[in-house]
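S.K.: Test case, fold it:
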Amino acid sequence: MAETIDRAGRRGWSNTTIAIACVCFFAGMVGMAYASVPLYRLFCQVTGYGGTTQRVEQASDRVLDQTINVRFDANTNGIGWDFKPAQRQVTLKIGETTQVSYEARNILSTASTGTATFNVTPQAAGAYFNKVECFCFTETTLQPDETLDMPVVFFVDPDIVDAPELKGVSTITLSYTFFPVDDPEPVAQSSTTAVQTTTIR
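M.R.: Below you'll find the model as predicted:
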């Protein structure tokens, strides 16, 4: 950078140099903000931070006699859909793989595309809530008045019973929120396939 000397003989930076530095700093902050979104999502998925659930490829190989309640919550934010869980709560054994469903219906007169985010409360339980199959972060397009059944296959990690911060917790809440997608990619309409799992009681 170019250094200047004023009339009093003091050294300093020119206004142009300072302006360029400010622009570079601002551009860097914007870039970091955009990069932080996928990095933050990855961090949450790995650690369970912020109530983010874990994604696994197979069911648990250990099932405890102890049970836990899982409640289901559904929300929309700016999208014209009727979105709800098929049932509000299930009771299952810890480690038992279970399938539930959410239902979305487009109540608009035009096709609409949305994507869902999720979280678990209490937040510390996110590290122990393992999903084998879910519809989160998937762009889903519904035609006017079209209804789609979306399964979620999950189990609660048996290690949750050893977590001191979750002692006494008997209920976990899984919550999804659907948002509109402004510019959906030109792909075929999403579909879901049911997975054979333990019957929900």
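S.K.: Just the CA trace of stretch 158-171, in CSV.
M.R.: What follows is stretch 158-171, C-alpha atoms only, in CSV (Å, rounded to 0.1, in the frame of the first residue of the first chain):
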residue,chain,number,x,y,z
PRO,A,158,-29.2,-45.8,22.9
ASP,A,159,-26.2,-43.7,24.1
ILE,A,160,-28.7,-41.0,25.0
VAL,A,161,-29.3,-42.7,28.3
ASP,A,162,-25.7,-42.0,29.3
ALA,A,163,-25.9,-38.3,28.5
PRO,A,164,-25.9,-36.4,31.8
GLU,A,165,-27.5,-33.3,30.2
LEU,A,166,-30.5,-35.4,29.1
LYS,A,167,-31.2,-37.2,32.4
GLY,A,168,-34.9,-37.1,33.1
VAL,A,169,-35.8,-36.2,29.5
SER,A,170,-38.7,-38.4,28.4
THR,A,171,-39.9,-36.5,25.3
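S.K.: Report the buried residues of that stretch.
M.R.: By 16 or more other CB atoms under 10 Å, the buried positions in stretch 158-171 come out as Pro158, Ile160, Leu166. Bear in mind the C-beta positions are built from the backbone N, C-alpha and C, glycine included.
S.K.: Now do the strands in this structure.
M.R.: Ranges of strands in the chain, per DSSP state E, are 3-5, 11-13, 54-55, 67-76, 81-85, 89-93, 98-106, 112-121, 129-133, 140-142, 147-156, 171-180.
S.K.: can I get the buried residues of stretch 158-171 in a markdown table with pLDDT and distance to Thr115?
M.R.: Formatted as a markdown table, those follow (pLDDT from 0 to 100; distance: CB to CB, whole Å):
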| residue | pLDDT | distance to Thr115 |
| --- | --- | --- |
| Pro158 | 96 | 31 |
| Ile160 | 96 | 28 |
| Leu166 | 96 | 29 |
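S.K.: Could you export those residues as JSON lines, including distance to Gly95?
M.R.: Shown next, in JSON lines, are the buried residues of stretch 158-171 (distance: CB to CB, whole Å):
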{"residue": "Pro158", "distance to Gly95": "4"}
{"residue": "Ile160", "distance to Gly95": "9"}
{"residue": "Leu166", "distance to Gly95": "15"}
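S.K.: that older thread, out of the strands of the chain, which is closest to Asp61?
M.R.: Among those, strand 147-156 comes nearest to Asp61, with 10.3 Å by CB to CB.
S.K.: Name every strand pairing with the closest one and say which way it goes.
M.R.: Taking DSSP bridges as the criterion, strand 147-156 sits next to strand 98-106 (antiparallel), strand 129-133 (antiparallel) in its sheet.
S.K.: can you give me the end-to-end distance of stretch 71-89?
M.R.: The first and final residues of stretch 71-89 sit 4 Å from each other (CA to CA, to the nearest Å).
S.K.: Can you point out the buried residues in it?
M.R.: Buried residues in stretch 71-89 (16+ other CB under 10 Å): Phe72, Asp73, Ala74, Thr76, Ile79, Gly80, Trp81, Phe83, Lys84, Pro85.
S.K.: Now mean pLDDT too, for the strands of the chain, in CSV please.
M.R.: Shown next, in CSV, are the strands of the chain (pLDDT from 0 to 100):
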stretch, mean pLDDT
strand 3-5, 51
strand 11-13, 53
strand 54-55, 54
strand 67-76, 98
strand 81-85, 98
strand 89-93, 97
strand 98-106, 97
strand 112-121, 94
strand 129-133, 92
strand 140-142, 97
strand 147-156, 96
strand 171-180, 96
